[in-house]
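> need a 3D model of the following:
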Amino acid sequence: GGKLSLLQGHFHLAHRHSPWHRVYSSRHDESGAEVLLKQSQGRSPSVFLVKDHNGSVFGAYVPGPLEDNSTHYGTADTLLFTLHPTFCVYAASGANGLYVLTSGAGVSFGGVIHGDTHGSGLALSHDLMTGHSEACETYTNAGSIASAPKFSCLAVEVWVLTRPPESDAWSKLGHFT
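So this is what the prediction gives:
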């Protein structure tokens, strides 16, 4: 509860109190980037959560819709974060536009999916079983957000945030947002 509330405080104002709906789980769905994209494509905003082999929990907030795209996309509102064992948010640095890269080949935030010199803040393989994380120019993380630069994924989830019903206070603020 507490760390998720802190994290939501960094989301776009319209989604800070939005309900979360899980659209993909590697524990319940077929594992793989293609399946993840099929189940979450076009929905926004979304939160990627990863639990690695040492129990660290981390991920990314993507304010725009996910795309099956071989080129980078996204906005400077995209961010990386850690939830466990420590809480920290890593905003976009403004250094480049390599925010999000999602395709059947894998998922990457801040760099490329494959290679030894990738500079990804967070990247997951095509089967979502392994990943890597390191300091990158796109986000403000100074090192790996996982428990190690190369890690095994115990779980990968994508959650979509939905705007509260129009009958509540958000509708009264609609022309200000």
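
> so how far is stretch 27-36 off the chain centroid?
Distance of stretch 27-36 from its chain centroid, counting by Cα atoms, centre = their mean, to the nearest Å, is 15 Å.

> show me what the residue nearest the centre of the chain is bridged to.
Closest residue to the average C-alpha location of the chain: A60 at 2.3 Å, with Cα atoms, centre = their mean. For A60, the beta-bridge partners are F48, L80 (DSSP bridges).

> residues touching it, list them.
Contacts for A60 (Cβ atoms under 8 Å, 6 or more residues apart in numbering) come out as V47, F48, T78, L79, L80, F81, V100, F109, G121, L122. For the C-beta atoms, the positions are set from N, CA and C on the backbone; glycine is no exception.

> those into a markdown table, with extra columns for distance to L128, neighbour count and pLDDT?
Below are the contacts of A60 laid out as a markdown table (distance: Cβ to Cβ, whole Å; neighbours: other Cβ atoms under 10 Å; pLDDT from 0 to 100):
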| residue | distance to L128 | neighbour count | pLDDT |
| --- | --- | --- | --- |
| V47 | 15 | 21 | 95 |
| F48 | 10 | 25 | 95 |
| T78 | 19 | 22 | 95 |
| L79 | 21 | 23 | 95 |
| L80 | 17 | 26 | 97 |
| F81 | 18 | 25 | 97 |
| V100 | 16 | 22 | 94 |
| F109 | 14 | 32 | 95 |
| G121 | 17 | 31 | 95 |
| L122 | 12 | 27 | 96 |
